[in-house]
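Undergrad: okay, structure incoming, though there's no sequence with it:
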């Protein structure tokens, strides 16, 4: 048997390999990175069609970061391209803008909150 230390995406694994028996690495440590990959599929709700109810249009974060400033308030009318929230990522201020004309139904975050890519920041009608 031989022992190896392998680093995958910054995670260190200790692996034991049997010689001549035809078996490979232990499968249990490899399962952990697969679970981490699932949240990256979350941005699919971005393409949600506008609904008739409150907050039919979701405004999502395009990058992970921190909410630097909230520019709009619930009930405020906005035009497409107007800034709703300013995110701070990698020492840059990144505006999150209204995707279309409408009214802000809700603001889901506050200044100082940490957000993930694809997280809903606000909803619009």
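TA: On my side now, so go ahead. Computed from a predicted structure; not experimentally measured.
Undergrad: for the most centrally placed residue in the chain, which non-adjacent residue is closest in space?
TA: If you average the C-alpha coordinates of the chain and look for the closest C-alpha using Cα atoms, centre = their mean, you land on residue 117, 2.3 Å from that point. Nearest-residue entry for residue 117: residue 64, 5.0 Å, with adjacent residues in sequence omitted and distances by Cβ to Cβ, 6 or more residues apart in numbering. C-beta coordinates here come from the backbone N, C-alpha and C atoms, glycine included.
Undergrad: re the thing from before, these two touch, right, the residue nearest to the centre of the chain and residue 89?
TA: No - with contact defined as Cβ atoms under 8 Å, residue 117 and residue 89 do not form a contacting pair (9.7 Å).
Undergrad: any idea what residue 2 is bridged to?
TA: Per DSSP bridges, the residues bridged to residue 2 are residue 17.
Undergrad: number of nearby residues for it?
TA: Around residue 2 there are 8 other residues, counting by other Cβ atoms under 10 Å.
Undergrad: contacting residues for the residue nearest to residue 117?
TA: Taking Cβ atoms under 8 Å, 6 or more residues apart in numbering as the definition of contact, the neighbours of residue 64 are 89, 114-117.
Undergrad: and those residues as CSV, adding distance to residue 95?
TA: Converted to CSV, the contacts of residue 64 look like this (distance: Cβ to Cβ, whole Å):
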residue, distance to residue 95
89, 12
114, 18
115, 14
116, 18
117, 16
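Undergrad: looking at neighbours, which among those is most surrounded?
TA: Of all those, residue 115 has the most neighbours under the rule other Cβ under 10 Å, reaching 21 neighbours.
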